[in-house]
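[1] Sequence below, structure please.
(one chain, ligands or ions: 1)
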Amino acid sequence: MIPHYDFLALTCRHEWLLEPFTYDLADGTRVQVWDTGVLCLEPPPERCGKKDIVLSCGVHGNETAPIEICNHLLTRLLSGELVARQRVLFLFGNPAAINLGVREVAENLNRLFSGAHSKGEGQCNRERTRAMALEQYVSRFFTDPARPRYHYDLHTAIRGSRYEKFAVYPFLHQRGHDQAQVQFLGACGVRTILLSNAPTTTFSYYSSHQHGAHAFTIELGQVRPFGENDMTRFVDISHTLQALITQDDILLAPWHADDFKLFAIDRVLHKKTSDFRFLFAQDADNFTEFPQGFLLAEDGELRYCVEKNHEAIVFPNANVAIGQRTLLLVTPTQLWR
Ligand SMILES: [Zn+2]
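    Numbering: from 1, shown residues only. Okay, the predicted model is just below:
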């Protein structure tokens, strides 16, 4: 007998499942548990909508709110309180780190996709093994090219933000940005969007580039311990994800460009030496602007200043390995008027 009601107790707390297993819910949905924290739900054909949806959380193990959002949604689907109408793959990204209550065990999982797990040092660790496995599960899920693909990778940020919730839109190469997806993010309460300008090794870029999915990294606010999240701040995203999975289609508010703040990623700073340090306050919020010419960081002999009007900082983190990203600099942009 499977304790449907507490998925985290079922899988994440036990780090590795012995065997994958499959069972059917009373409503006909087929549940396949492929691995620890990896569950595929498939409605029966007569009820199955066109969409293939991946929802991931806990890629950073201490980012608890997204884990709670996904766990709540999944628990209600498994208990029969909600009925799935679309195929959906739930991924609890980094169970080892989730159990330890840490961001990562050995290295940043969200820098190990698109094959990065097998490059560089080549050491085998939890995150590298998991990144490779997660790629395989996404490939196994996205099998039918005729079905539209979606991947929302849910995170919380390390620091506060001038705009509490924001999404990173991966670099699309030749593809165009999708206005309906931006409207969808708006329905999730996410009205600030960063447009990437280059390939990365994040999970959302992997699904976007490798599988042609509409994919986003979604930042929902600041990290808090389990049980300390104010879940009322996540009502919009919880309802919208629920509607996405349980309805044939969702109704989106009409498009108003002014509802959204779009930023282009202008520059990416990487740490070159162990002397790297920022020259602004340690607790500066994401999207803080500094005046043109302001000295942002020193890295050995190198100096980084604000180059443009309204250039703002996002994701500053001096505590990364040499060679890794320490800061994004973004500027306001517009796509559609
Ligand atoms: Zn994260």
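[2] in stretch 256-268, what's buried?
    F260, K261, L262, F263, I265 (16 or more other CB atoms under 10 Å). C-betas here are computed from N, CA, C, even on glycine.
[3] what's the one helix or strand the fourth one maps to packed up against?
    Looking back up the chat, that one is F263. Using DSSP states H and E, F263 sits within strand 261-270. Applying 3 or more CB pairs under 8 Å, 6 or more residues apart in numbering; DSSP states H and E, one finds that strand 261-270 makes contact with strand 192-195, strand 325-333.
[4] so the most centrally placed residue in the chain, which of the three states?
    With distances taken as CA atoms, centre = their mean, D153 lies nearest the centre of the chain, 2.3 Å away. The three-state label for D153, taken from DSSP: H, G, I helix; E, B strand; the rest coil, comes out as strand.
[5] any idea how far it lies from the ion?
    8 Å (CB to the ion, to the nearest Å).
[6] what pairs with that residue across the strands?
    S56, T217 (DSSP bridges).
[7] who's in contact with the closest residue in space to L77 that isn't next to it in sequence?
    In this structure, L77 finds its nearest non-sequential neighbour in A84, 5.6 Å apart by CB to CB, 6 or more residues apart in numbering. Applying CB atoms under 8 Å, 6 or more residues apart in numbering to A84 gives the contacts T29, L41, E42, P43, L77, I245, T246.
[8] Mind doing that once more with 7 Å?
    Residues counted as contacts of A84 (CB atoms under 7 Å, 6 or more residues apart in numbering) are T29, L41, P43, L77, I245, T246.
[9] just the residues you listed now: which is nearest T326?
    Lowest distance from T326 to the contacts of A84 (CB to CB) belongs to I245, with 36.7 Å.
[10] and the closest one, which of the three is it?
    Following three-state DSSP, we place I245 in the helix state.
[11] try L77
    Classified using three-state DSSP, L77 is helix.
[12] just checking, it touches C40?
    No. If you go by CB atoms under 7 Å, L77 and C40 don't touch, sitting 11.7 Å apart.
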